[in-house]
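K.L.:
predicted model follows, preceded by the sequence.
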Amino acid sequence: MAKKQKKATPRRIPTKHQLSKWQRQMKIRRIVIIAAVVFLAGILSWVGYGYYKDYKNDPMRQVVIEVNGVPFTMEYYVKVLDFYTQGVNSTVIQYYGNYFADQAANDIVNAELMRQGAKDLGIEVTTGEIEVRLQEYNLPNDEVYRDIIRASLLQEKIGEYLGPGLNATMEQSHVQVMLVESEEVADEVISRVEAGSNLTALVEEYSCNSTVEGDLGRLPRELMPNTVIAYAAFNLTSGEAIHTIYDETAIKDLGYWLIEITDKEDGEIKARAMLLGSEAEAEQVRAELVSSNFSSLAEEYSQHESKDENGELGWLKRGDMVSTAFDKVAFNLTVNEVSEPVKDESARTTGGYWLIKVVDRGNYELGVEIRQKLIDKRLNDWFEAQSDKSTIETYLDAAKKQWAIIEVLARR
């Protein structure tokens, strides 16, 4: 028996009236949807703008430092500044605010350079290592503290990475050094040594560089204070001889003024001056004043910034030159009188003579202290190379630093 087929339902064709009605309904619906979308977009834009405005106006959210594109906000900076001033008296923080502010900024930059550079060396610090240190120092498990601990651990690991390259023994030289102002003084010192004096015993009397003087002990070339001393230590003969080497870049904690007063009035003086590197040079230049004028000689010889103004200092009150040696003589000169050379140990000049005695030289075992100094030196060199190839942006001005200091103090 054949299966009965189901009868198809006839398709209804809408009338023109129905089509017109539906079209009106669809049009109204579209208008409602568009209006709703526009309204919602307006609300979202308003909220978004308000959030953006708040973000821009919130100092804590502002980026104050970038290291190779990695940003650090003011909030992060304040936390670091707060960490490094823990236990420091509020008055001290206010007085030395700029020092602490700069130190915190430098530490942020250095820590990030360390993190990025260590990654290139394949060195990393684990979460567990950080957490152990946090507990050891009883520090909160906060991003800033984690970063500080990470930097400390990375520094240790990079030091270990650089250390194995050091041999158990290394060529070292035992030297005694002194920087003096002139060849005449160098000859005088050598004469006294030849007469029986010890070179290092004369340091206090003759040396004019307090950072590099006396008996330096036995050091490898890498740890010599400068290239001049390093050359002498490893190339010149050892024994009793004292070697004299001129160094035009050497910095002396000493200078000699020649001062001329051109006018006086009500306790003030109008002066011009030149600053020379040695007494012998000052005497020579003073003698040239007979045949040459003060301005041209100041332009040629002076090491003071006023040389660009032909030595002219203008009107001065006591204290303006921040030199008691200068004031003591200048305010007692008569008009048009040129002073004798005025020794000023608060001034700084360049150019001097190194006296170097190579006591001994040879291959010696590296002591613990010397080895650590070598590691520190190599770590510092690595750091400088890392910094030189990096892009570091600091947006901290005086106002932002002061704001950060006030914020830190407010949290105490």
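P.N.:
It's in.

K.L.:
any idea how far the residue sitting nearest the centre point of the chain lies from residue 128?
P.N.:
Centroid check for the chain by C-alpha atoms, centre = their mean gives residue 106 as the closest residue, at 7.3 Å. From residue 106 across to residue 128, the span is 29 Å (C-beta to C-beta, to the nearest Å). Placement of C-beta: from N, CA and C, glycine included.

K.L.:
tell me the domain boundaries of this structure?
P.N.:
25-56, 63-164+381-410, 169-252+350-365, 255-347 (automatic domain parsing).

K.L.:
pLDDT (mean, whole number) over the third one?
P.N.:
Averaged over domain 169-252+350-365, pLDDT sits at 96.

K.L.:
does residue 76 touch residue 108 like I think?
P.N.:
Yes. Counting by C-beta atoms under 8 Å, residue 76 does reach residue 108; the two are 7.4 Å apart.

K.L.:
quick one, strands of the stretch 1-150 of the chain?
P.N.:
Shown for the stretch 1-150 of the chain, the strands assigned by DSSP state E, counting those that start in this stretch span residues 63-67, 70-73.

K.L.:
where does pLDDT dip in this protein?
P.N.:
Low-confidence segments of the chain (pLDDT under 70): 1-56.

K.L.:
hmm, try it at 90
P.N.:
1-58, 84, 87, 94, 139, 162-168, 411-412 (pLDDT under 90).

K.L.:
show me which strand runs longest in it.
P.N.:
strand 349-365 (DSSP state E).

K.L.:
in that strand, what counts as buried?
P.N.:
For strand 349-365, the neighbour count (16 or more other C-beta atoms under 10 Å) marks 349, 351, 352, 353, 354, 355, 356, 357, 358, 359, 361, 364 as buried.

K.L.:
what's the answer for stretch 404-412, then?
P.N.:
Buried, per 16+ other C-beta under 10 Å, within stretch 404-412: 404, 405, 407, 408.

K.L.:
go through these and say which is closest to residue 285.
P.N.:
When those are compared for distance to residue 285 (C-beta to C-beta), residue 405 wins out at 47.5 Å.

K.L.:
so that closest one lies in a strand, does it not?
P.N.:
No. Judged by DSSP: H, G, I helix; E, B strand; the rest coil, residue 405 forms no part of a strand; its state is helix.

K.L.:
could you find the closest non-adjacent residue to it?
P.N.:
Once flanking residues are discounted, residue 405 sits nearest to residue 97: 4.5 Å by C-beta to C-beta, 6 or more residues apart in numbering.

K.L.:
how far away is the one you found from residue 80?
P.N.:
In terms of C-beta to C-beta, residue 97 sits 15 Å off from residue 80.

K.L.:
these two: which has the busier surroundings?
P.N.:
It is residue 80, of residue 97 and residue 80, that has more neighbours when counted by other C-beta atoms under 10 Å, with 23 against 20.

K.L.:
residue 362 contacts residue 171, correct?
P.N.:
Yes. Between residue 362 and residue 171 there is a contact under C-beta under 8 Å: 7.0 Å.

K.L.:
what residues are shared contacts of those two?
P.N.:
Both residue 362 and residue 171 lack any common contacting residue under the criterion C-beta atoms under 8 Å, 6 or more residues apart in numbering.

K.L.:
how far does stretch 172-185 sit from the chain's center?
P.N.:
Relative to its chain's centre, stretch 172-185 lies at 29 Å (C-alpha atoms, centre = their mean, to the nearest Å).

K.L.:
give the buried residues for it.
P.N.:
By 16+ other C-beta under 10 Å, the buried positions in stretch 172-185 come out as 172, 173, 174, 175, 176, 177, 178, 179, 180, 181, 182, 185.
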